[in-house]
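**Student:** any chance you can model this:
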Amino acid sequence: MRSRVESDLTLVPAYVALGSNLRDPAAQVRAGFEALAMLPDSRVAAVSSLYLTAPVGHLDQPDFVNAVALIETALAPRALLEELLAIERQFGRVRGVPNGPRTLDLDILLYGDESHEDEALTIPHPRMHERAFVLAPLAEIAPDVMIPGRGSAGALAASVEAGGITKLDAPEQ
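**Tutor:** Numbers count the residues shown, from 1 in each chain. Predicted structure coming up:
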């Protein structure tokens, strides 16, 4: 993957969850990795395997393909969110039914050691510690990363019910 980062910038590790269940979801998530690689002042440092997962919340929809990417970025949290929302729009994301079908969903899980909360963004992601479809790919690439107030991704992944999750493939290097 190409990188768009100047060598003299201070980069912060940020974990981004990717998910799709429309229009060839695996291809959507792989293309999402490529879109993340094009973020300004950022680079993709690691990507997880793809995972086939059952929907949560709104159950009457196709299964999802989920993954997690570690990016290193000089973008501030809110600027990163705006870039991710722009990528979602490029992929045809339409926000309708909460937890409903989507072409591509991008969520900031963690941003360095920072906490952030406003009307549009909460970091760490408030439900990530409960969701196997987030924890399995996160623990694959960063088992020791700490989720504030909860523990390590690896320990949390081992403690949540992972039924309905199937690892599809290994990440491309």
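**Student:** in the chain, which spans are strands?
**Tutor:** 12-20, 42-47, 50-53, 64-73, 105-111, 116-117, 122-123, 146-147, 151-152, 165-169 (DSSP state E).
**Student:** what's the closest of those strands to residue 35?
**Tutor:** Across the strands of the chain, residue 35 has its closest neighbour in strand 105-111 (8.6 Å, C-beta to C-beta). To be clear about C-beta, it is placed using only N, CA and C from the backbone, and glycine gets the same treatment.
**Student:** where does the prediction get shaky in this protein?
**Tutor:** 1-7, 57-59, 96-100, 170-173 (pLDDT under 70).
**Student:** count of neighbours near residue 80?
**Tutor:** 25 (other C-beta atoms under 10 Å).
**Student:** that one touches residue 74, doesn't it?
**Tutor:** No. Between residue 80 and residue 74 there is no contact under C-beta atoms under 8 Å: 9.6 Å.
**Student:** so where do the helices sit in the chain?
**Tutor:** 25-37, 77-90, 132-141, 153-159 (DSSP state H).
**Student:** CA atoms only: put the last one into CSV for me.
**Tutor:** What follows is helix 153-159, C-alpha atoms only, in CSV (Å, rounded to 0.1, in the frame of the first residue of the first chain):
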residue,chain,number,x,y,z
ALA,A,153,-7.4,-6.5,23.3
GLY,A,154,-6.1,-10.1,23.6
ALA,A,155,-7.6,-10.7,27.0
LEU,A,156,-10.9,-9.1,26.0
ALA,A,157,-11.1,-11.1,22.8
ALA,A,158,-10.6,-14.3,24.8
SER,A,159,-13.4,-13.3,27.2
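**Student:** so what touches that helix?
**Tutor:** Applying C-beta atoms under 8 Å, 6 or more residues apart in numbering, the contact partners of helix 153-159 are 129, 132, 135-136, 138-139, 142-147, 150.
**Student:** most neighbours of all these, which one?
**Tutor:** residue 138 (28 neighbours).
**Student:** report the contact partners of that one.
**Tutor:** Residue 138 neighbours (C-beta under 8 Å, 6+ apart): 15, 17, 48, 68, 109, 128, 145, 153, 157.
**Student:** and which of those residues is nearest to residue 55?
**Tutor:** Using C-beta to C-beta, these come closest to residue 55 at residue 17, 14.8 Å.
**Student:** ok, for that closest one, nearest residue in space, not its chain neighbours?
**Tutor:** residue 107 (4.5 Å; C-beta to C-beta, 6 or more residues apart in numbering).
**Student:** please enumerate the shared neighbours of residue 80 and residue 74.
**Tutor:** Joint contacts of residue 80 and residue 74 (C-beta under 8 Å, 6+ apart) are residue 42.
**Student:** alright, that wraps it up for me.
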